[in-house]
Structures are given as C-alpha cells and as structure tokens.
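Trainee: What would the 3D arrangement of this be:
(2 chains)
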Amino acid sequence: MKGTKTFTTFQLTTLVLLRLMIGWQILYEGISKLLIPNWSSAVFLRESQWVLSGFSNWIISHDGVLQVVNFMNIWGLIAIGLGLILGLFTRVAAIAGATLIFVYFLNSPPLLGLEYSLPTEGNCLIFNKTLIEAVGLLILVAFPTSSIMGLDMFISRFKKSKIKKEE
Amino acid sequence: MEDEQKDMNENRSVKRRTLLKALIGIPVLGYFAAETLRKFNFDRAKKSRVIKELGLDDLKIPKVLTSSSGKKGDLIRVGFIGFGNRAHQLSNSLGFMHPDKVKSKEEDGSLAEWLEQEDLNVAITGICDVYDLHAERGLATAHNDVRPGGVSGQNLSAKRYLSYQDLLNDKDIDAVVIATPDHHHAKITSEAVKAGKHVYCEKSICRTEEELYEVYDTVRNSDRVFQLGHQITQNVVFQQAREIIKRDILGKITLIETTTNRNTASGAWIRHLDDDGNPKPGDENSIDWLQWLGSRPYKPFTTDRFYNWTKWFDYDMGMIGQLFTHEFDAVNQLLRIGIPTSAVASGGIYYWKDNREIPDMLNVAFEYPEKEMTLTYSASLSSSRQRGRVFNGHDASMELGGSLSVTADGNSSRYKEYLNKGLIDPSVPMISINPMSGGDIDAITSATEKYYASRGLTTTNINGRRVDVTHLHIKEWIYAIRNGSQTSANIERAFEEGVACVMANKSYQEKRRVEWDPINRRIV
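Mentor: As a prediction, the model looks like this:
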C-alpha cells in the first residue's frame, strides 16, 4: 500500500471529495439527458464556434453521425460518472472525462469576440468552469485515490497477489 | 499466544476498514439515485400540473407532419417562368440543383442532407427567362444528374423558350412555377391556367385590384391546382400553434402584431452589385428588356432597375408584397381572419435615400371589427432588431416564429389562481415548443428553449430529419396535382391576402383610410 503513505488524511479527503463531486455532476448530466425525451446534442452543436464549429456542423448534417454522438454522450457521461463515484477504472474514467469535457469547452470557449445565444454560466474570460472541471479530472489522474477509497482497490490487490504468486 | 490473537484481531479490523473504504462509492451512489428520483418526480409533478391546468393533457400535438408521399403517380413535367435567385431555391425544393451549388454544398458538407430529400418524380422540361445567363443556369440545373434518389432516368431534356407564351403553348408541360418579378405574376398565372397548366406562383399574387379579380376568377373557374409561394406555415410548429389557439389558451385575442426588421442593402433590395462592388452582368443584348417590362410603362434599361425592381411601384408593392404577404398568410392560415374591413398605412423613405419609390419605414393597421381584432404590420429597413410575430390575448400571448412560446399574462383572469400560487410565472414562457429539439411540449420552459424561441428557422423537423419548408410547400402542390387535394395557399387564401395587401398599398399611396365593400366586393 504505497499510496497511503503519500497522502495525509486531509489530502486524501479533499481528493476523494473532488472525485465524488465531479463524478456526481457528470453522472447527473448523463442521466438527465437520458430522461429528456428526444434529447439531442444538435442544439449544443449548432451553437459551436471557434475551432470545432466546422466539425460540429458536419455532425449535425449527418443524421447517422449525430445519433452516434448522442448515444456516446449520454452513455459516456454515465459511465464516466459511475467510474468516478465508485472508484472503478477511475484512471480511464478521469482521462476520458477530461477529454470529453475539454471538447465541450472547445465548442464554446469564452473567448473575446465569440458570442452565444445560449446563456452561459457566470462571467468568464478564456477559462470557465467547464475547463476547470477538465483540469480537476487531470488532478485526479495525477493523484489517484481509487485504490485506497474505491473499487479499484480490489483490482490492484488482485494484480499484486498475482505478481506475488509469480515471484 | 495472546499477542498473536491481538495482532490477528487488529489485522482483521484493519482489513474491514480498508474494505469499507473501498466501498465508499456505494452509499454515495445510493444517495445520488434517491435525489435523482426525487427531482425527476418533482419535475414531472410540476409539469403535469401545469399541463393539466391548461387543459393540455389530452392535447394531441403532431410532433411531425403527416407527410404524404409526393412521388406516387405519373411524372409531372414542370416549366419555370423566371429563373433568378428564388427559382434556384424552388428548383432545389423540387429536387434539382445547379452544378455550382452542388459543388459548394459538397464543400460545406450539406449536400448529403439535400440528397435525402424526397424524390417527387418530376422533371424540369422548360425554362423561360428574358435573360440569357439566367436561362442557361436554369437549363444546367434541369440537366444536372446529381439529384435526391439518384438519377431516376426521368431527366428529360429541358428546352429554353424565349417567351412565356411559347412555354405555355407547349402541350408537353403539365405545370409551371412562376418566379418572375411581381408585375407578371397575375397575368402569367391567368394565362397559364387558361392554357391548362397547374401553377405554383411566388408571392405576391398581384400588384393591383384589377389583376387580382382577374386571376381569382380565372383560377376559381378552372380545375387547375394553384399554390401561392408561402412556405413558412409548413413548419410543424404551425400545427401546434393551431392547437393552442383552438384550445383557447390565449383567451380573447384582440391584437396580432406582425413585423419585419432588416438592416442591409440587400434586404433593402439593392442587389445590382456583386460582392466586390462591381455591377452584376446583363445588358440589353442579353436581356429581352421589353418582355421584362411587359405591360409596364417604358423605362430605359439599367442594371439597377433589372435587379432592384422591388424599389418601384410599377413592379410590386414593396415591403407589403415582398414581406407582409408572408405575415398575412401566417396569421390567416392560423386564424382564418380573411379580408379586413379597413386598412390605414403610413410611413416614408427615411433611410435609403436612393431613387426608390417604396417606403423603407412602414406601419399598417388592419381592422376586423366583426372579429373584434386588429392586425398590425410594422416594418423597418434600417434596424435589424427582431420584433417577432405576436398574438396578444387577454390570458396569454404567443410568439410564433420557427419555434413557439406562450407566456401567461400577469393580469389574466383565467390563470389568476395559478399566478397567485406561483404555479405560473408571467416573466417566462409557460409553454414552448421547439421543433428542432424534438417538438415536445415544454411546460416549464428551460433557458435553452427560451432563447431558441426567438429564432426563425427555414427548416422543420420530420422524423428527426431537417427538412426544407419550401420543399414541403411545393410537395403539397405536386401531391394536390396528382390526387386532387387542396393546397394550403389556394386561390381563396391568395385572394384574401391580395385584397389586404392592395388595401395597405392603396392607403399608403393615397394617404387615406381604405375600406373593403363586402357587398360589391370592391376596395373603396
């Protein structure tokens, strides 16, 4: 149990809190999209500006692609949220989550000169809460807690016992 | 021994604690599930309560248009009279596109969407335009093999006619699309119907009262199918708006406001220059100017007059004919308001001080005393602030564009109780329907819907696909030709609209209030 020694209780508590809260937020995003009848990412994508706007328009104009994007969004968010909360495959979940949320950010970054018809959360310039959440997930990758407080513990133990047996 | 036992006990309790730590996510997930369920039930209860209070719970709103196929039946051979900008859009809706546009659509990735459009089993077999360049573009469009449904083998060769009379005399043409300047609309429509052709005519139907009576009588006394070019009511949201009006959600409506705001040179019909500021092509060698003028008084040819004809009363009714026609149709399709009792118009040329005659600022009030209602039209060509199309009722108002939103009135009698209880908030829409996001009733409007409600759209949503509304309108016409059904913008609607427009135009030009004499069926 190398990891335990590197965290104080306070460090561990705050890191786990961060993990649980981001996991909660992402899971609820996924679940609420699942519960909205006929939810489609097209509304969001139509707003897309800056570097990804061409790609987003391409998605909207291809129905099949749009359906896949919708499906991956809903179930991707749910899987990532579950992974973070349960502490299961957390590294994969955090990396995937950071990537996905960074793509959301790139679609509507609060850059000077870009204006959106949808309301945005708070007053932001260049960095917004979406980007901060993505960086938060990177912190979770850098300081993993799931093998101490999470189902990943069983996986890491299983691996360790396997290594011991081989020795 | 004792020490060993103690160690083992400690070990076990440490293990148990480690195990419990690993399972920290489980109670969190349980709490999450409980809260999500609570929120879901709360939202549903709130939504269903409002929907019930409004009597919307059994409202069967079609989410998609019951879109009958326009394809079945014999091939219909269509001739185009006039092949300018609008004709390109109309031919796209029929399933034909100029190679240049195909290329640009390929580049921006929107070609696939157009190729999915329903094949209507029509062929463009005749083109008539007084301008050689336009006619050539029309022929290239008709002959292009890149089409929805692939090459159907129905690409008959298209022929150019130098005069519209020649085109009408050709027995091998079944139907015509008229997309000329407005001063030809009524005359060509009448002649086309007399020649046995079905007609799709761009708005506006006429320029003068005399033209209107003649075209009305001719079309009405024939069995030919007529459709006036108003596509916006094909948007699925109009069916939903119709239900909302039928259910009396708005209460007594005494004021309907329609508006247009534009703020560009092109929007003010200054279109004779290309993007680089050079005059667009065309001269008297390539344009049959006398045919273009038709019965209108002789004026020497200029590219200004040829491209910007809307600016003069000789050729159309300005904003009334180009823009208000759509507004009138939108309201008339919903409420069947018919011909107004009186009209008063005022305005002037306040911004675009070129050689134009038509006003760039216009206000018209139409009275419907029998229906206890006023319809207003207010238009500006020097501001692009969108003012929307609003049905003002005593209990609620409805803004209707590409999407729809209904907002309760703070002083409504009907919703008083719910307003007092805070169940309905008069500062946000209580119903909003956005066909682009699934077309569901959203009784408690989200911020997203609120913002989208203000936007106009040129496409609607059918079975999850975006569909061009002009395509639906032209398909309705094709379907009616094959099946003998009614078109929505038929000659009766066109007549009502024509009278309203001529009344407004007359009032503006003669600077007086004009009235409709329902007995003699004349404007006085």
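
Trainee: For the closest residue to residue B:255 other than its chain neighbours, pull up the helix or strand it's in.
Mentor: Once flanking residues are discounted, residue B:255 sits nearest to residue B:392: 4.3 Å by C-beta to C-beta, 6 or more residues apart in numbering or on different chains. Placement of C-beta: from N, CA and C, glycine included. In the assignment (DSSP states H and E), residue B:392 maps to strand B:390-393.

Trainee: May I have the strands that pair with that strand, each with its orientation?
Mentor: Applying DSSP bridges to the sheet, strand B:390-393 is found paired with strand B:253-261 (antiparallel), strand B:396-400 (antiparallel).

Trainee: can you give me the helices for the stretch 301-450 of chain B?
Mentor: Ranges of helices in the stretch 301-450 of chain B, per DSSP state H, counting those that start in this stretch, are B:303-307, B:319, B:325-335, B:416-421, B:447-453.

Trainee: Please name the residues that touch residue 25.
Mentor: By default, I'm working from chain A. Residue A:25 makes contacts with A:81, A:133, as judged by C-beta atoms under 8 Å, 6 or more residues apart in numbering or on different chains.

Trainee: that answer is for a different chain, and I need it for chain B
Mentor: Residue B:25 neighbours (C-beta under 8 Å, 6+ apart): A:20, A:23, A:85, A:86, A:87, A:88, A:150, A:151.

Trainee: which among the residues you listed are in contact with chain B?
Mentor: A:20, A:23, A:85, A:86, A:87, A:88, A:150, A:151 (C-beta under 8 Å from any C-beta of the partner chain).

Trainee: circling back to that earlier point, and the strands paired with strand B:390-393 as JSON lines, adding distance to residue B:511?
Mentor: Below are those laid out as JSON lines (distance: least, C-beta to C-beta, whole Å):
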{"stretch": "strand B:253-261", "distance to residue B:511": "22"}
{"stretch": "strand B:396-400", "distance to residue B:511": "32"}
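
Trainee: In terms of helices and strands, where is the most centrally placed residue in chain A?
Mentor: By C-alpha atoms, centre = their mean, chain A has its centre lying nearest to residue A:97, at 2.3 Å. Per DSSP H and E: residue A:97 is located in helix A:90-107.

Trainee: What are the contacting residues of that helix?
Mentor: So helix A:90-107 is contacted by A:19, A:22, A:26, A:44-45, A:47-53, A:56, A:76-77, A:79-80, A:82-84, A:128, A:130-131, A:133-135, A:137-138, A:140-141, A:144-146, A:150, A:152 (C-beta under 8 Å, 6+ apart).

Trainee: quick check: mean pLDDT across that helix?
Mentor: Average pLDDT, helix A:90-107: 92.

Trainee: chain center to it: distance?
Mentor: 4 Å (C-alpha atoms, centre = their mean, to the nearest Å).

Trainee: and chain A, which residues reach chain B?
Mentor: Within chain A, the positions near chain B by C-beta under 8 Å from any C-beta are A:16, A:20, A:23-24, A:27-28, A:31, A:35, A:37-40, A:42-43, A:54, A:57-58, A:61-63, A:82, A:85-88, A:117-119, A:148-151, A:153-154.

Trainee: List only those of these flagged as buried.
Mentor: By neighbour count, with 16 or more other C-beta atoms under 10 Å in any protein chain shown, those hold A:16, A:20, A:23-24, A:27-28, A:31, A:39-40, A:42-43, A:57-58, A:61-63, A:82, A:85-88, A:148-151, A:153 as buried.

Trainee: what's the longest helix in chain B?
Mentor: Using DSSP state H, we find that the single longest helix of chain B is helix B:25-53.

Trainee: Just after it, pick out the following helix or strand.
Mentor: strand B:76-81.

Trainee: Which elements pack onto that next one?
Mentor: helix B:85-94, strand B:122-128, helix B:164-169, strand B:175-178, helix B:469-483 (3 or more C-beta pairs under 8 Å, 6 or more residues apart in numbering or on different chains; DSSP states H and E).
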